[in-house]
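Colleague: fold the following and give me the result.
(one chain, ligands or ions: 1)
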Amino acid sequence: MTLVMGIVNVTPDSFSDGGRYARHDAAIAHGRRLLADGADLLDVGGESTRPGAERVAQADEQQRVLPVIEQLATPGHAISVDTMNAATAVAAVAAGARIVNDVSGGLADPDMLPAVAATDADIVLQHWRGHSADMYGAARYDDLVAEVLGEIERRVAAARDAGIRGERIIVDPGFGFGKTPEDNWRFVRGLDALIGAGHRVLLGTSRKRMLTLAAARAGIDASTEARLDLATAVTSVLSAQAGAWAVRVHDVAATRLALAVRDAWEGEE
Ligand code: PMM
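Modeller: So this is what the prediction gives:
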């Protein structure tokens, strides 16, 4: 059964409002809505990783995410913290997070892997080739599938060397990270090998430009949020078919519905 991870972004650009507390309240309310929609996990992040995004100071990042994690961390679902900073990861685990989602796979902060090893949290190691500002400069591959798989394998080895047991490790190919929309579709050919390698696999396609590209190839404009969420529901089903452990999505209700229909089709009750 593929799990659904709902996205809770606590960034100024995701909530246009007057102040910090209003922002926290909006993020907490949003997280609760996603849980009501059927999210199994919530991913709370305070730093945008969109192409060209600026880095956020650690103190600001923690001020954004910690109060939200404290409020949302209740029994029945796990919270992950989307951060590349070891100090934020440790503070988030103390606030109740069970998973550290590091889009850099431990590369951005040399303290990350040993810091997570010292907690009992799980870790998402995502494929990454540098910060957002230079995301596409690093997107050059001779053999994309083999290189991405090899680079993920090296991050897994580094995490194990730091003392993180294999059962605590989740891997993610990082759609859109150091990969053009075309590259993302190329990597889909490597999913079987990634999932077959044995670690839990998280996939994040929600509202990404690879979906707009797929639509454009068929002469369809999918630039509205509603259309992107519909396309994401489709990739959620395909991710479940491929054997993904979880999908990371903005519109939890649409993905839940799509997965329910898929399960009925498969005869899974
Ligand atoms: N994508 C984004 C942010 N964090 N984390 C993981 N593990 N996988 C992803 O694909 C991923 C991520 C960027 O998407 P957003 O800005 O829409 O949240």
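
Colleague: secondary structure element for V234?
Modeller: In this assignment (DSSP states H and E), V234 forms part of helix 225-242.

Colleague: how far does that helix sit from its chain's centre?
Modeller: When C-alpha coordinates are averaged (C-alpha atoms, centre = their mean, to the nearest Å), helix 225-242 and its chain have centres 15 Å apart.

Colleague: the residue lying closest to D43 once chain neighbours are set aside bridge partners, please.
Modeller: Distances taken as C-beta to C-beta, 6 or more residues apart in numbering put S80 closest to D43, at 4.7 Å, once the chain neighbours are dropped. (C-beta placed from N, C-alpha, C; glycine too.) Counting by DSSP bridges, S80 is bridged to D43, I99.

Colleague: so who does S80 touch?
Modeller: Listed by C-beta atoms under 8 Å, 6 or more residues apart in numbering, the contact set of S80 reads 5, 41-44, 97-101, 124.

Colleague: if we can go back for a sec, does the ligand sit close to the next helix or strand after the helix holding V234?
Modeller: Remark: after helix 225-242, the chain's next helix or strand is strand 246-249, criterion DSSP H and E. Yes: counting by C-beta under 6 Å from any ligand atom, the ligand is contacted by strand 246-249 at R248.

Colleague: I'd like the numbering to begin with 6 instead of 1 from here.
Modeller: In the new numbering, first residue 6, that becomes strand 251-254.

Colleague: does anything pack onto strand 251-254? Which helices or strands?
Modeller: The contact analysis (3 or more C-beta pairs under 8 Å, 6 or more residues apart in numbering; DSSP states H and E) places strand 251-254 against strand 8-14, strand 205-208, helix 230-247.

Colleague: the helix holding V239: which residues count as buried?
Modeller: 232-238, 240-245, 247 (16 or more other C-beta atoms under 10 Å).

Colleague: within reach of the ligand, which of these are there?
Modeller: The subset of the buried residues of helix 230-247 lying close to the ligand, counting by C-beta under 6 Å from any ligand atom, is empty.

Colleague: distance to G181 and pLDDT added to those, as JSON lines?
Modeller: Converted to JSON lines, these look like this (distance: C-beta to C-beta, whole Å; pLDDT from 0 to 100):
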{"residue": "R232", "distance to G181": "18", "pLDDT": "97"}
{"residue": "L233", "distance to G181": "13", "pLDDT": "97"}
{"residue": "D234", "distance to G181": "16", "pLDDT": "97"}
{"residue": "L235", "distance to G181": "19", "pLDDT": "98"}
{"residue": "A236", "distance to G181": "14", "pLDDT": "98"}
{"residue": "T237", "distance to G181": "13", "pLDDT": "98"}
{"residue": "A238", "distance to G181": "18", "pLDDT": "98"}
{"residue": "T240", "distance to G181": "13", "pLDDT": "98"}
{"residue": "S241", "distance to G181": "16", "pLDDT": "98"}
{"residue": "V242", "distance to G181": "20", "pLDDT": "98"}
{"residue": "L243", "distance to G181": "17", "pLDDT": "98"}
{"residue": "S244", "distance to G181": "15", "pLDDT": "98"}
{"residue": "A245", "distance to G181": "20", "pLDDT": "98"}
{"residue": "A247", "distance to G181": "18", "pLDDT": "98"}
